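> What shape does this take:
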Amino acid sequence: MSVYFVSKVLQHGEVNYKPIEKLIFALVHTARRLRRYFQVHPMLVLTDSPIKQVLSKPEVSGRLVKWAIELGVHEIHYAPRTAVKASSSDGTGAYLILIGPDGEEHIYALRFEFFASNNEAEYEALLSGLRMAEKMGIKYLKVSVDSQLVANQMNGMFEARDPAMQNYLALAEEMANKFKRFSITQVPRSLNKKADALSKLASSVFSHFAKDIWVEVLSQKSTDVVQLKNGTLPVDGATTRKIHMKAPMYMLRDGVLFKKSFMAPLLRCVGPSEAETIVREVHEGTCGMHAGFRTVVGKIMRLGYFWPSMYRDTEEIIKACASCQCHAP
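Below is the predicted model of the structure:
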């Protein structure tokens, strides 16, 4: 995919344009500089400003009329801009901090292998924090988030109308009820710069993180797992077809997901953190023999474990093994 950057310094009277006029002028300037592309391809403009409404007003006059005519010869569509918590070509990321009564911090970075909007990323971070707090045996929990929507939906002040937000809200409320005392408040984004900066880093690469930061890669949305348990299907047709094809290969037993095997017992599905522990134990643990990744994957499956990206993950972990780098033939 090619990326083009177009810039222009405003001169003289252009500096006094209204903000909406500056946006339209930027679009006009881009259309002039990239005329060949605008003439051949339909263009999609992602913006939160009412550019289309302003240009289509009958009372528009002066330079706006000129710009409307100039842009009218191109096939331009306008759509709201979708905000993303932190995105890259590899996925999106989020970041959370658990602070104990004594002030000790436990830092937790998340990497999403699926597209997540800003609100979905906020809910995924919240759910991951709730799961982590539950495993640590925490009974009293106070949550601070920078998302006004998530905080107010959890407190009952906002109504969740979008089906995806309704699923996230129901799951978050169910998990919050497991604590003896739970509260959630919104903090200004300006006071949450550390988390925002690290969430952007989590969306691109994990190698920059210190060793005391816990990292987890989420391959699917939390609501997708709940839909599998409840037997319901998402609204998206493509996702529904994918689940229809893959669901017969899995089964739930006592709330634990297993993958069916043709010539072996059921394989218990594990998450990224547990998967990394299993790979390292089999490869370089007490009984490890530092074998190749295919041999290691075969042994893991004979032990009764499975995750979809086990071949790729095992190969990456073994490539980073210091002993294999020093003593491999």
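> alpha carbons only for contacts and neighbour counts from here, please
Noted.
> which residue ranges form the helices in the chain?
Assigned by DSSP state H, the chain shows helices spanning 19-33, 35-40, 51-55, 63-72, 118-135, 148-154, 163-176, 193-202, 222-230, 237-246, 272-284, 293-303, 310-319, 322-327.
> Reformat those as TSV; add mean pLDDT and mean neighbour count.
Listed next are those as TSV, based on pLDDT from 0 to 100; neighbours: other C-alpha atoms under 10 Å:
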stretch	mean pLDDT	mean neighbour count
helix 19-33	88	16
helix 35-40	84	13
helix 51-55	82	15
helix 63-72	84	15
helix 118-135	83	19
helix 148-154	86	19
helix 163-176	86	16
helix 193-202	50	19
helix 222-230	61	15
helix 237-246	72	12
helix 272-284	84	17
helix 293-303	88	17
helix 310-319	87	16
helix 322-327	74	10
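> now these as TSV including distance to Tyr78?
Putting the helices of the chain into TSV (distance: least, C-alpha to C-alpha, whole Å) gives the following:
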stretch	distance to Tyr78
helix 19-33	12
helix 35-40	14
helix 51-55	7
helix 63-72	12
helix 118-135	20
helix 148-154	25
helix 163-176	24
helix 193-202	27
helix 222-230	30
helix 237-246	24
helix 272-284	39
helix 293-303	48
helix 310-319	39
helix 322-327	52
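> Could I get the buried residue list for stretch 137-144?
141, 143-144 (16 or more other C-alpha atoms under 10 Å).
> Where strands are concerned, which of those residues count?
141, 143-144 (DSSP state E).
> CSV please, covering those residues and showing pLDDT and distance to Ala320.
Converted to CSV, those look like this (pLDDT from 0 to 100; distance: C-alpha to C-alpha, whole Å):
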residue, pLDDT, distance to Ala320
Leu141, 86, 38
Val143, 86, 36
Ser144, 83, 37
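> Distance to Phe115 added to these, as CSV?
Output for these, formatted as CSV (distance: C-alpha to C-alpha, whole Å):
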residue, distance to Phe115
Leu141, 29
Val143, 24
Ser144, 24
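> What residue in this structure is the furthest from its centre?
In the chain, the residue that sits farthest from the middle, by C-alpha atoms, centre = their mean, is Gly62; the gap is 44.3 Å.
> Report the separation between that one and Val73.
Relative to Val73, Gly62 is positioned 18 Å away (C-alpha to C-alpha, to the nearest Å).
> Repeat that for Lys178.
Relative to Val73, and taking C-alpha to C-alpha, Lys178 is found at 59 Å.
> Neighbour count for those two, which is higher?
Lys178 (14 against 10; other C-alpha atoms under 10 Å).
> Not counting its neighbours along the chain, what's nearest Pro42?
In this structure, Pro42 finds its nearest non-sequential neighbour in Glu75, 5.0 Å apart by C-alpha to C-alpha, 6 or more residues apart in numbering.
> ditto for Met310
Excluding the flanking residues, the one nearest Met310 by C-alpha to C-alpha, 6+ apart is Val297, at 7.0 Å.
> ok, now Met251?
Spatial nearest neighbour of Met251, chain neighbours left out: Phe258 (5.4 Å); criterion: C-alpha to C-alpha, 6+ apart.
> wait, the one you found sits on Val270?
No: the pair Phe258 / Val270 is not scored as a contact, 9.0 Å apart, by C-alpha atoms under 8 Å.
> Look at these two and report which has more neighbours.
Neighbour count, other C-alpha under 10 Å: between Phe258 and Val270, Phe258 has more, with 21 against 17.
> Return the residues in contact with Pro19.
Contacts for Pro19 (C-alpha atoms under 8 Å, 6 or more residues apart in numbering) come out as none.
> From Ser56, how far out is it?
For Pro19, the distance to Ser56 - C-alpha to C-alpha - is 17 Å.
> Next: Asn167.
38 Å.
> again, but for Cys326
In this structure, Cys326 and Ser56 are 68 Å apart, going by C-alpha to C-alpha.
> try Arg36
Separation of Arg36 from Ser56 (C-alpha to C-alpha) stands at 24 Å.
> What separation is there between Leu34 and Gly72?
Using C-alpha to C-alpha, Leu34 is found at 15 Å from Gly72.
> Ignore what I typed, I meant His283.
63 Å.
> Phe112 too?
For Phe112, the distance to Gly72 - C-alpha to C-alpha - is 39 Å.
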